[in-house]
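Visitor: Below: sequence and its predicted model.
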Amino acid sequence: DSGVTQTPKHLITATGQRVTLRCSPRSGDLSVYWYQQSLDQGLQFLIQYYNGEERAKGNILERFSAQQFPDLHSELNLSSLELGDSALYFCASSEALTSSWQFFGPGTRLTVL
Amino acid sequence: ELKVEQNPLFLSMQEGKNYTIYCNYSTTSDRLYWYRQDPGKSLESLFVLLSNGAVKQEGRLMASLDTKARLSTLHITAAVHDLSATYFCAVLILTQGGSEKLVFGKGTKLTVNP
C-alpha cells in the first residue's frame, strides 16, 4: 500500500458524459501527478500539481482538467467523454517538486460505453 | 521528444532460467526507474538508478544503468513464477516549469512458466 488513495475504483459511463476522479496523496506529499494507462498509448503523463499550482503538463486533452485543493487532494475532470478515453487513470504523489520517488495509487478504471 | 523503448515487450521463460530486459532512452536523464505492475493493479516501485554504472539488486532482480549508452537493464536470475508481471522502465526528465515528469516505456510482460 503506497499511501495514495483514489476514488472511485471503477467508473462506467456513457459517451458525452463528464466524470471526476479523486486522489489523496500520501501524508506530507505536496506534488500530485496524473497518468493515463491505455492499451494504445501505454502509460502517459497527463499533468502535475505542486502545492495547489499546476507545474507541468503532458499529453492532456483540452476536455480534461485537474486541480489541487488546499488540503492537497486532487481531482481530474474528464468531460465530453469518448470511447477512447476508457483507460486506467493513476494518481501518484511525491514529497516535493522534484523527488526521488513517485508513489502510485491503485488507479481508477474508467469505462466509456 | 524523449523516447523510451523496452524490449522485449513479451517474455515467456521457464522457472530457473535467466533473462535480461532492456530499456533504451533517447535523451540524457538524471534518473531511471523500474516499476512492476501485476494485472489490474498499481505500479510498485522496484529500483531507482541515479548515476552511470549504478547497480541495484533485490532478490532475483538486478538493475543497472549505462548513461553513456542510454541503456538500462533489468536482469532476472533463476526466475520463479512469482516474478510474472509487467515491468516498466521510466525516465525522469525536467519540464519547463522546473518540475519533472516520468516517461514510461511500453512495458515488458513477463510470464514465468513452471
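Guide: Nice, I can see it.

Visitor: So which residues on chain A come close to chain B?
Guide: A:2, A:31, A:33, A:35, A:42-45, A:48, A:50, A:55-56, A:58, A:90, A:97-98, A:100-107, A:109 (C-beta under 8 Å from any C-beta of the partner chain). Every residue, glycine included, has its C-beta placed from N, CA and C.

Visitor: Now do the helix or strand of chain B at the bottom of the mean pLDDT ranking: which elements does it pack against?
Guide: Within chain B, judged by mean pLDDT, DSSP states H and E, the helix or strand with the poorest mean is strand B:100-104; its value is a mean of 88. Packed against strand B:100-104, as judged by 3 or more C-beta pairs under 8 Å, 6 or more residues apart in numbering or on different chains; DSSP states H and E, are the following elements: strand A:31-38, strand A:42-50, strand B:85-94.

Visitor: mind running it again at 7 Å?
Guide: With contacts taken as 3 or more C-beta pairs under 7 Å, 6 or more residues apart in numbering or on different chains; DSSP states H and E, strand B:100-104 sits against strand A:42-50, strand B:85-94.

Visitor: and the following helix or strand past it, which residues are buried?
Guide: Going down the chain from strand B:100-104, the next helix or strand is strand B:108-113, by DSSP states H and E. Of the residues in strand B:108-113, those buried by neighbour count under the rule 16 or more other C-beta atoms under 10 Å in any protein chain shown are B:108-110, B:112.

Visitor: sorry, back to before: what lines up beside the least confident helix or strand of chain B in the sheet?
Guide: strand B:85-94 (antiparallel) (DSSP bridges).

Visitor: Now do the strand it pairs with and strand B:108-113, the angle between them.
Guide: Counting by axes from the mean of the first three to the mean of the last three C-alpha atoms, to 10 degrees, strand B:85-94 lies at 160 degrees to strand B:108-113.

Visitor: so can I have CSV of the buried residues of strand B:108-113 showing pLDDT?
Guide: Converted to CSV, those look like this (pLDDT from 0 to 100):
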residue, pLDDT
B:108, 96
B:109, 96
B:110, 96
B:112, 95
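
Visitor: wait, which of these is closest to residue B:86?
Guide: Proximity of the buried residues of strand B:108-113 to residue B:86 was ranked by C-beta to C-beta; the top entry is residue B:109 with 4.8 Å.

Visitor: how long is stretch A:62-77 end to end?
Guide: 11 Å (C-alpha to C-alpha, to the nearest Å).

Visitor: Next, the buried residues of it.
Guide: Residues of stretch A:62-77 classed as buried under the neighbour-count rule (16+ other C-beta under 10 Å) are A:64, A:66, A:68, A:72, A:74-76.

Visitor: and which of those residues is nearest to chain B?
Guide: Of all the buried residues of stretch A:62-77, residue A:68 has the smallest distance to chain B: 12.9 Å, by C-beta to the nearest C-beta.

Visitor: close enough to count as contact, the closest one and residue A:74?
Guide: Yes: Residue A:68 is in contact with residue A:74 according to C-beta atoms under 7 Å; the separation is 4.5 Å.

Visitor: okay, now residue 78: neighbour count?
Guide: All of this refers to chain A. Neighbour count of residue A:78, defined by other C-beta atoms under 10 Å in any protein chain shown: 24.

Visitor: that's the other chain; I wanted chain B
Guide: Each residue near residue B:78 was counted by other C-beta under 10 Å, and the total is 10.

Visitor: Go ahead and confirm it touches residue B:62.
Guide: No: counting by C-beta under 7 Å, residue B:78 stays clear of residue B:62, with 11.7 Å between them.
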